[in-house]
Each structure stands twice: as C-alpha cells, then as structure tokens.
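Student: Model the following, please.
(chains A and B)
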Amino acid sequence: MRRKFGPLTILEYICLVLLAVLFIFPLFWMVASSMKPEAEIYNNMSNIKAFLPSFHPSDWFVSYNQVLLRFHLLVYIGNSLFYGLCVAVGSIIINGMAGYAFAKLNFSGKKVLFGLLLAILIVPFETILISQFTIIHSIGLVDTRLAVILPTLAGAFNIYLFRNFFMAIPTEIIESAKLDGANTWQVFWRVMLPMSKPAVATVGTLAFIGSWNDYIWPLMVLTDKSKFPIQVAITAINSTDPVYTNQVMAVLTISTVPLIIIYIVAQRYILEGIGGSGTGIK
Amino acid sequence: MSKIGWKENRTVYTFLRPEGRIKNKILWKENVVAYTFLGPALLLLSMFLVIPSIMSVYYAFTDYYLLTPNMRTFVGLDNFINLFQDPIFLKSLVNTLEFVVWVIPLQIGAALGLALLLNKQRKANTFFKVAYFSPVVMSLVVISVLWLYLLNPNEGIINNVLTYFGISAQPFLTSPKQAIFTIVVVSAWQGAGFQMLIFLAGLQNIPGDVYEAAQLDGMNKWQRFIYITLPLLKPTSIFIFITTLIGAFKLLVQPMVMTQGGPVNSTMTVVYYIYQTGFTDRMVGYASSIALLFGTIIGLVTITQRKLVKEDED
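Tutor: Numbers count the residues shown, from 1 in each chain, chains lettered A, B, ... in the order given. Down below sits the predicted model:
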C-alpha cells in the first residue's frame, strides 16, 4: 500500500498520542510517586516532574522498604497467590469434570441439568451475596480460607466453556483410549485435559485474575488480618494512620505487578476467554 | 460406556425382552460415573448459587436478622412496602440508573472510537493498544484508591492540571452533584480498553474485499462506515452493550472504596445498599427483598437480550 503523510495522518497520530497519555498518566503517576519522598510528591504536583521518580536513585525504594516494615505485605501477597492458585486449579478440575460429563457421558437428567446450568448464568451473583454469607455463616466457615475459595470454584460459564471444547474432541479418540484399557477417569486426565490446553489455560487464567481482584467477598467472610488477600489489605492500609501517599502508591504498584506478568504471559488465553466471561464493566 | 455399546444393547432389549435388565444396569453404571464427574460442581453450585438464590427469595418475605436466625418470622410484603418508602433505597435506584445511563454511551463510545482508530496498519499500534488496555490490568480496588489521590480536591494532580489551563478547581468526589459522574468517568476510563479489544476483533472479522467492492461502487469513507462497518459490527455491539449494561447495574467497588456511598448518599448504589442493609446492618430479610427486586430486573434484561440476539441471528 502507498504511504501518505497527509494532514489527516498527522491528526490521527496526535489523537492516538493524546489518548495514550489520558489512559496511562495515572499509572505513571502511581509508579513515580512510589519512588520519591512524600514532600516531593506535593512539590512536583504542578509540573512534569510529577511523572518522574526522584532524581536521587537512593530515594527510589525507601517507601517500599518502609511499607514492607509497617505492614505484612508479603503475607497478603502470599495469601492472594494462594487463593488465586487454589481457585485456578480447582476451577479447572471441577468445571472440567462437569464439562466432560455434559459433553461425552450419558446420564439421566442431562437435558434438565444443562438447562439449569444455562439458567444459572443469568443469576446476578452480587445480589445474592448476603444469602451466600448466611450459608457460610451457618456451616461455620466464617473467617476461614475455605470460605474465600469454595464459593468461587464452580462456575456455570466455565463448565459451558469446557463442554464446548470437549464436544469438539472426536469420540473415536476416547474409544481407542478405552480399548487400550483406560477407564473414564483416566480418559479425562490423560486424553481430555491434555487435548484441551487452550480451555485449561483460559479457565485457569481468568479464575486466577478473578480471585486476585476479588474484594467484596473476602472482605465479608474474613476478619483475621493474617488471612487478608492483597485487595482487602490495600483498603486497610489506605485507612491506617499515618497514611503516606508514597507508601500507598508503593502498595498499589506491588499489587499490580503480578497481574501485569499474567496478562503478558497469558494474553492469548485471556482474549479467547473474554468472549463471554460476563465480567461486564471490566 | 460408549454410545455405540449402549445402542447395541438397546437393540438387544427390543428383541429379547429378558435381556432388558442389561440396559438398565449399564445406564445405572453410566449414571454413577457421570454423576461422580458432575458431583463436585453440582454440590458447589447448589450450595453457593442455587440454594442462596432460593433462600434469598424466601428471606425477602421474612424479618430475618443475621444474629438471630431462629427468630425470623414471615412478614408478607412488609419489606417491599418499606422499600418503596425508604428514601435511601429510592436514591440508590436513581443513582444506579444515572450511572448506567451515563457510563454506557461514554464507555462504549470510547471503546468503539479507540478500536476504529487502531483498525489500520500501523507500526506503533501495539504500543497504543497496550496503553489503552493498561487500566484494565489494574484491579478495581487499585484504580479506585489511585483516583482518590488523583482527584483530591486540594492536592490532586487533576485539579493542578485544570488550574494550569485556567479552569477552576473542582470538588469531584466530595460534591453530591459531581460524585456519581466522576465515578462514571473513572469506570469508563478503566473499562474502555477491554471493550476496545472486542470491537477490534469484530472489525478485523469484516472481510477486506467487502470494502473494496464498496469502493468500486463509488462509496466514500463515511458511507462505507455507515453501510458496511456498523451493520457488520452489530452482533459485537449487542454483546458489548449487554455485558456492559449488566456490569454497570452491579456497580459496587468504586463507590465503596472512593466515597462510601456519600456525600449524602449521592453515590449509594443498589448493590452497595444490599451490602449495607444485609451485612453492615445485618437485616438479611430487608436486604433480600432488595436483592429479589433488583435480581428480577437484571434477569429480565438478560433474558430480553438473549431474545434480541437470537432474533438477530435468525
């Protein structure tokens, strides 16, 4: 194609750059502010230095040090990683098994259950938070790690996703594995899951991100600070006097790093999954 | 057991009646295997989704107080009657609708605009895509806390920039008039990059020769956009519209972290009010009545959209 550098192209680039600034300046400010002394943040507010870290590299990680000393940040990050991994692995196994049953097994009540599954997709999760809490309350799981993990494991959408993926795997492959002496359980583990790596990666990644970002549910079921995931800890830190802007920004930056890594590593699978993740606004 | 085997057995069953037991026995075995696979998911879905949904319908007609579950009594429609006389609930309903009405055009418009800008061969496209998408990577809590600092009326950088350009400093989240609109802008800023990618995928699915043919027919750029791009983008747009709409109805984290529903309840949303009445104030019965009413509204919206999408496909 012929390349033209007309006024329209220049206008386009100006638009693109201005919009890019609009979308990333908060991030730059967040990282820059975490890397300078508190007083500098407010002195720099009215000039471009607001988006640059301190000119003294020795000041860069002072706030990180301080915030790590003041709060058990590594415990919160560790908690979030633990919840995220449990939910990711659990969702793959539990929803994968159910998806397999819907795709390849015969059982009575299949149609009814599948209809129910599709109906569940409509239930707005947020509106039943309170009665979910009463269930956790009545089975005595309040303030346990299980309470954070259990309700987020099974998901109608993930079952649906696995089912669709498994449907595409030819039944002949299952037949021949069975002729080789594999039972249904072995077929699931050694044939279905390995052949569905994209589905496994999509469900796992989205489950991890969902768990990492979850705020309201852990806030409700946990009271013991040592079990807090990072998201709940952020708001707690932001309201623990004395509040220093540079320390809060350090916490925000640290808590975002794992997500950035995941988005970079698993971007393909995230894009495949967004088609119907129904996260809505996000 | 395989499908083929099952069919063979059924044939046997029709011809030799006494053998009928074999079929039943196999089906029973198949059921055991299948329900073992379904078991964990069914158990968890019932425990944390189906039962809570049914319970919440029942609770809506009781005066259930969280700490005294055994003393709950049936109160008929009392909760719903109180609901429509509760100024905070009515305010939360208005606020939520206001949020939805503003955020939908802003966020979807921004997403479509960004996608159109990026739908062109350009070396720097990846950079711009990453830039527009970057707020999506951050959690709602992080962006809420971050914007709380950026929007600080006295020391925030936004007001510093505004005064630099000669615009007077704004109260933003501290003003009952501006707070909900500020949350609209922050939410759209955070989410637009996500829908941009879906739009972009939709745009790239439109075959290039359609445009070429239109160009040969003498259509200009604008006509091609109106008569080709928009109609072919319709399924994508409907999907985005519905998911954004449902997400917007559930607004909770941003007001919770940024304003705690204030000032003077100007950012109290329905889901936040469910949380406050049911969890903070422990009035499970009352909260459930809000949940039932609001859940029905969202459910109806979802069902309507499915019908619309299906009609569109037919």
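Student: contacting residues around residue A:138?
Tutor: residue B:69 (C-beta atoms under 8 Å, 6 or more residues apart in numbering or on different chains). C-betas here are computed from N, CA, C, even on glycine.
Student: What's the separation between it and residue B:48?
Tutor: 12 Å (C-beta to C-beta, to the nearest Å).
Student: So which other helices or strands are in contact with the helix or strand where residue A:21 lies?
Tutor: Using DSSP states H and E, residue A:21 sits in helix A:7-34. Packing partners of helix A:7-34 (3 or more C-beta pairs under 8 Å, 6 or more residues apart in numbering or on different chains; DSSP states H and E): helix A:245-265, helix B:87-118, helix B:125-137, helix B:140-150, helix B:179-204.
Student: what about the ones you listed, which gets the closest to residue B:248?
Tutor: Ranking those by proximity to residue B:248 (C-beta to C-beta) places helix B:87-118 first, at 4.6 Å.
Student: check whether that closest one contacts chain A.
Tutor: Yes - if you take C-beta under 8 Å from any C-beta of the partner chain as the test, helix B:87-118 does meet chain A, through B:103, B:107, B:114, B:117.
Student: returning to that earlier point: which one of the helices and strands packed on helix A:7-34 lies nearest to residue A:80?
Tutor: helix A:245-265 (7.8 Å).
Student: tell me which strands and helices the closest one is in contact with?
Tutor: Other elements packing on helix A:245-265 under the criterion 3+ C-beta pairs under 8 Å, 6+ apart are helix A:7-34, helix A:38-43, helix A:62-70, helix A:73-104, helix A:197-213, helix A:230-237, helix B:125-137, helix B:140-150.
Student: Please spell out which residues along the shortest one are buried.
Tutor: Of the residues in helix A:38-43, those buried by neighbour count under the rule 16 or more other C-beta atoms under 10 Å in any protein chain shown are A:40-41.
Student: then that helix to PDB, C-alphas only?
Tutor: Provided in PDB are the C-alpha atoms of helix A:38-43 (Å, rounded to 0.1, in the frame of the first residue of the first chain):
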ATOM      1  CA  GLU A  38       6.400  12.300  50.400                       C
ATOM      2  CA  ALA A  39       7.200  16.000  50.300                       C
ATOM      3  CA  GLU A  40       8.500  15.800  46.700                       C
ATOM      4  CA  ILE A  41       5.100  14.400  45.500                       C
ATOM      5  CA  TYR A  42       3.300  17.500  46.500                       C
ATOM      6  CA  ASN A  43       6.100  19.900  45.500                       C
END
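Student: what's that helix packed up against?
Tutor: Short answer (3+ C-beta pairs under 8 Å, 6+ apart): helix A:38-43 packs on helix A:245-265.
Student: which of the residues in the helix it packs on are buried?
Tutor: If you call a residue buried by 16+ other C-beta under 10 Å, then helix A:245-265 has these buried ones: A:245-256, A:258-259, A:262-263.
Student: contacting residues for the most centrally placed residue in chain A?
Tutor: Central residue of chain A (C-alpha atoms, centre = their mean): residue A:209, 0.9 Å from the mean position. For residue A:209, the contacting residues are A:84, A:259, A:262, A:270, by C-beta under 8 Å, 6+ apart.
Student: now residue A:211
Tutor: With contact taken as C-beta under 8 Å, 6+ apart, residue A:211 is in contact with A:80, A:83-84, A:87-88, A:152.
Student: same thing with residue A:34?
Tutor: Each residue near residue A:34 by C-beta under 8 Å, 6+ apart is listed here: A:63-64, A:246-247, A:249-250, A:252-253.
Student: Same list (those) but as JSON lines, adding pLDDT.
Tutor: Shown next, in JSON lines, are the contacts of residue A:34 (pLDDT from 0 to 100):
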{"residue": "A:63", "pLDDT": "91"}
{"residue": "A:64", "pLDDT": "93"}
{"residue": "A:246", "pLDDT": "92"}
{"residue": "A:247", "pLDDT": "93"}
{"residue": "A:249", "pLDDT": "95"}
{"residue": "A:250", "pLDDT": "95"}
{"residue": "A:252", "pLDDT": "96"}
{"residue": "A:253", "pLDDT": "95"}
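Student: could you point out where the chain is predicted with low confidence?
Tutor: You didn't say which chain, so I picked chain A. A:1-5, A:272-282 (pLDDT under 70).
Student: Not quite, go with chain B.
Tutor: Counting by pLDDT under 70, the ranges of chain B that qualify are B:1-26, B:312-314.
Student: hmm, stretch B:221-229 touching chain A?
Tutor: No - against chain A, stretch B:221-229 shows no contacts by C-beta under 8 Å from any C-beta, the least distance being 10.2 Å.
Student: still on that earlier bit, figure out which of the helices and strands packed on helix A:7-34 is closest to residue B:66.
Tutor: For residue B:66, the closest of those is helix B:87-118, at 18.9 Å, according to C-beta to C-beta.
Student: how far is the closest one from where the chain is centred?
Tutor: How far helix B:87-118 lies from its chain's middle: 12 Å, per C-alpha atoms, centre = their mean, to the nearest Å.
Student: what helices or strands is it leaning on?
Tutor: Counting by 3+ C-beta pairs under 8 Å, 6+ apart, the packing neighbours recorded for helix B:87-118 are helix A:7-34, helix B:125-137, helix B:179-204, helix B:234-249, helix B:270-275.
Student: 10 Å - rerun?
Tutor: Judged by 3 or more C-beta pairs under 10 Å, 6 or more residues apart in numbering or on different chains; DSSP states H and E, helix B:87-118 is in contact with helix A:7-34, helix B:78-83, helix B:125-137, helix B:179-204, helix B:234-249, helix B:253-258, helix B:270-275, helix B:284-313.
Student: Quick check: which of these is buried the most?
Tutor: Compared across the helices and strands packed on helix B:87-118, helix B:270-275 shows the largest average neighbour count, a mean of 26 (mean count of other C-beta atoms under 10 Å in any protein chain shown).
Student: domains in chain A, as residue ranges please.
Tutor: Domain segmentation of chain A under automatic domain parsing yields A:7-60, A:69-274.
Student: Apologies, that question was intended for chain B.
Tutor: Split by automatic domain parsing, chain B gives B:3-59, B:78-313.
Student: I'd say residue B:150 and residue B:162 touch.
Tutor: No - Residue B:150 is beyond contact range of residue B:162, at 11.7 Å (criterion: C-beta atoms under 10 Å).
Student: How about residue 52: what's its closest non-neighbour residue?
Tutor: As the question left the chain open, I've gone with chain A. What sits nearest to residue A:52 in space, not counting adjacent residues and going by C-beta to C-beta, 6 or more residues apart in numbering or on different chains, is residue A:32, at 5.6 Å.
Student: look at chain B instead
Tutor: Sequence neighbours aside, residue A:131 is the residue nearest to residue B:52 in space, at 3.9 Å (criterion: C-beta to C-beta, 6+ apart).
Student: Burial check on residue 48, number of neighbours?
Tutor: With no chain named, the answer covers chain A. By other C-beta atoms under 10 Å in any protein chain shown, 7 other residues sit near residue A:48.
Student: wrong chain, I was asking about chain B
Tutor: A count of nearby residues for residue B:48, using other C-beta under 10 Å, gives 21.
Student: List the residues that contact it.
Tutor: Applying C-beta atoms under 10 Å, 6 or more residues apart in numbering or on different chains, we find residue B:48 in contact with A:125, A:128, A:131-132, A:135-136, A:150-154.
Student: Mind telling me the two of the residues you listed farthest from one another?
Tutor: With distances taken as C-beta to C-beta, the most widely separated pair in the contacts of residue B:48 is A:131 and A:153, at 18.1 Å.
Student: Run a quick neighbour tally on residue B:68.
Tutor: Around residue B:68 there are 10 residues (other C-beta under 10 Å).
Student: ugh, typo on my part, it should be residue A:52
Tutor: As a burial measure, residue A:52 scores 15 neighbours (other C-beta under 10 Å).
Student: how near is it to residue A:248?
Tutor: Per C-beta to C-beta, residue A:52 is found 19 Å from residue A:248.
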